[in-house]
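Novice: pasting the sequence and the predicted model now:
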Amino acid sequence: MSIIKIDMNSPEFIERMEKTVKFTDKVINQFGWEYNPQAEVNEGVQMGLARNKIMYNKLFCPCFMVEEVDGKPQSVDNRTCPCTPAIEKEIPELGACHCGIFCTPEFAAAKRTELGMEEVVHTHSRGLTKEECEALVNQHEVDNDEMIALLEARELGMVKFTLVDVREDMEWQMGHIQGADKLIPTSSFFQTWDEAKFTKEENIIVYCHVGSRSAHVARILTDQGYTKIGNLTHGIVSYSGEKVR
């Protein structure tokens with residue numbers, strides 16, 4: 001199976017995107033929620049929903065893997081938008097759904113305040129020793145600052161790892177982390193992964209939009225015997241380093 005590519009400029013996708021926006025507008029009004037104040041979060045989720053509708057004829061949550069069960073596509077955790085976990089638990093308890101598009105008014109107001117504050121200067125590790133690099137790259141979870149530090153260290157030849165994007169081709173085209181080595185979409189994951197011919201002993205860090213699909217991929221690979229798999233916590237949406245657009 002080759003990587004599935006969808007033309008974002010095609011009439012089919014443009015029409016589906018318009019319908020998807022109307023759908024999320026309807027959900028917002030139905031439940032009394034608000035959109036995330038970060039417009040790029042909403043657009044990314046809406047485009048993912050539109051993509052999944054075209055690919056699977058279902059509004060599967062774009063932040064979770066889709067697997068084939070008994071010959072039919074099924075979202076992990078049965079995540080079909082608006083998903084039950086978001087309605088019953090995530091939004092009432094956390095203020096926002098896992099993908100971040102749907103929020104309570106209170107959460108949205110707090111986020112607007114947060115975004116309006118003076119930007120915090122992130123001080124990530126520079127001048128790492130080789131031992132510190134090795135310790136970081138062997139973690140199961142890597143945060144934003146650690147990822148930036150590891151990419152810098154890799155440029156200096158202090159550490160080796162492969163950074164793999166497990167989102168879809170359309171998401172990759174919209175923007176990916178500077179330094180990402182491979183795109184292996186979850187929609188064609190197993191064959192594309194096998195074709196990459198990774199060894200089970202090399203350091204590999206995976207990432208997706210918000211960290212869910214990549215965390216699922218990391219668990220699968222660990223179960224298959226890969227010993228050095230890391231996951232970028234919270235995904236590209238929280239990554240503040242260089243991106244390619």
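Specialist: Perfect, thanks for sending it. Numbers count the residues shown, from 1 in each chain.

Novice: which residue sits closest to residue 226, ignoring its sequence neighbours?
Specialist: In space, and not counting its chain neighbours, residue 226 is closest to residue 200: 4.8 Å by Cβ to Cβ, 6 or more residues apart in numbering. Using the backbone N, CA and C atoms, a C-beta is placed for each residue, glycine as well.

Novice: alpha carbons of the helix ranked longest in the chain, in PDB - could you do that?
Specialist: Selection of the longest helix in the chain by residue count, based on DSSP state H, yields helix 11-31. C-alpha atoms of helix 11-31 as PDB (Å, rounded to 0.1, in the frame of the first residue of the first chain):
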ATOM      1  CA  PRO A  11     -13.000  20.400  -6.000                       C
ATOM      2  CA  GLU A  12     -13.800  17.300  -4.000                       C
ATOM      3  CA  PHE A  13     -11.700  18.300  -1.000                       C
ATOM      4  CA  ILE A  14     -12.800  21.900  -1.100                       C
ATOM      5  CA  GLU A  15     -16.500  20.900  -1.100                       C
ATOM      6  CA  ARG A  16     -15.900  18.400   1.700                       C
ATOM      7  CA  MET A  17     -14.000  21.000   3.800                       C
ATOM      8  CA  GLU A  18     -16.900  23.400   3.500                       C
ATOM      9  CA  LYS A  19     -19.300  20.700   4.700                       C
ATOM     10  CA  THR A  20     -17.000  19.800   7.500                       C
ATOM     11  CA  VAL A  21     -16.800  23.400   8.700                       C
ATOM     12  CA  LYS A  22     -20.700  23.600   8.700                       C
ATOM     13  CA  PHE A  23     -20.700  20.300  10.700                       C
ATOM     14  CA  THR A  24     -18.300  21.600  13.400                       C
ATOM     15  CA  ASP A  25     -20.300  24.900  13.500                       C
ATOM     16  CA  LYS A  26     -23.400  22.800  14.200                       C
ATOM     17  CA  VAL A  27     -21.700  20.800  16.900                       C
ATOM     18  CA  ILE A  28     -20.600  24.000  18.600                       C
ATOM     19  CA  ASN A  29     -24.100  25.400  18.600                       C
ATOM     20  CA  GLN A  30     -25.700  22.100  19.700                       C
ATOM     21  CA  PHE A  31     -23.500  21.700  22.800                       C
END
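
Novice: how about the backbone phi and psi for residue 139?
Specialist: When quoted as degrees, to the nearest 10, the phi and psi of residue 139 stand at phi -70, psi 150.

Novice: list of residues touching stretch 9-16?
Specialist: With contact meaning Cβ atoms under 8 Å, 6 or more residues apart in numbering, stretch 9-16 is reached by 6-7, 50-51, 53-54.

Novice: if you set the cut-off to 10 Å instead, what comes out?
Specialist: 6-8, 20, 47, 49-54, 170 (Cβ atoms under 10 Å, 6 or more residues apart in numbering).
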